[in-house]
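Peer 1: what's the 3D shape of this:
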Amino acid sequence: MATQHFHLFETAIGVCALAWEGERFIGAQLPEGDEAGARRRLARRFPAAAEAGAQGFVAEAVAGIRALFTGEAIDLSHLPLAIETVPAFNRRVYEVALSIPPGETLTYGAVAQRIGEPGAARAVGVALGQNPWPIIVPCHRVLAAGGGTGGFSADGGIETKLRILTIEKARTSAEPSLFGALPLAARPARG
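Peer 2: This is a model prediction of the structure:
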């Protein structure tokens, strides 16, 4: 069995972490308020993992996550995941989530429809709550019907989810923004 490793790194919104075994990620950790908190959560999830530097695919992931948290529209879906380690239903949910580009969102119900399980919105939410690779598998881009946030298990909860969606400039509702329904000539200038 390959040795598990982890790497902690600073981002614009807090300390994140990645865990890997061999050449694939076995976990990712959303921002924590401080390094001590990040280490505690990581130790619970991956007690056998040894700290290591970020090289190769890990360095690529760190750079991508940092860029995403500064507002760049970075696609992380190509990163190698140990996806066969999760249940089949969860895998199907994560594959749909991986297809949601930065700045876009889907509802739990829409994800359920896309996996061919209409009516399984609640199960989709449970699967996303078990996501071992948050931010790589962008569970934050899945919302409740009507633009509600749904749940989020990261440090800071829903506020962290909304903060990430704000950084990505994501629309959280099909409703137009305050000025979005106005003709172009009447909209306030952005500056």
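Peer 1: so Leu165, which of the three states?
Peer 2: What DSSP: H, G, I helix; E, B strand; the rest coil gives for Leu165 is helix.
Peer 1: Hmm, Cys139 and it touching each other?
Peer 2: No - under the criterion of Cβ atoms under 8 Å, Leu165 is not in contact with Cys139, lying 11.4 Å apart. Backbone N, C-alpha and C define where each C-beta goes, glycine included.
Peer 1: When those two are compared, which one has more neighbours?
Peer 2: Counting neighbours by other Cβ atoms under 10 Å for Leu165 and for Cys139 shows that Cys139 has the greater number, 28 against 20.
Peer 1: Thought Ala97 was touching that one, still the case?
Peer 2: Yes - Cys139 is within contact range of Ala97, at 5.9 Å (criterion: Cβ under 8 Å).
Peer 1: Overlap of the contact sets of the two?
Peer 2: Common contacts of Cys139 and Ala97, defined by Cβ atoms under 8 Å, 6 or more residues apart in numbering, comprise Leu128, Asn131.
Peer 1: in the lowest-mean-pLDDT helix or strand in the chain, what counts as buried?
Peer 2: Every helix and strand in the chain was compared by mean pLDDT, DSSP states H and E; the lowest is helix 157-167, with a mean of 81. Buried residues in helix 157-167, counted by 16 or more other Cβ atoms under 10 Å: Thr160, Lys161, Leu162, Arg163, Ile164, Leu165, Ile167.
Peer 1: again, but for stretch 98-111
Peer 2: For stretch 98-111, the neighbour count (16+ other Cβ under 10 Å) marks Leu98, Ile100, Pro102, Thr105, Leu106, Thr107, Tyr108, Gly109, Ala110, Val111 as buried.
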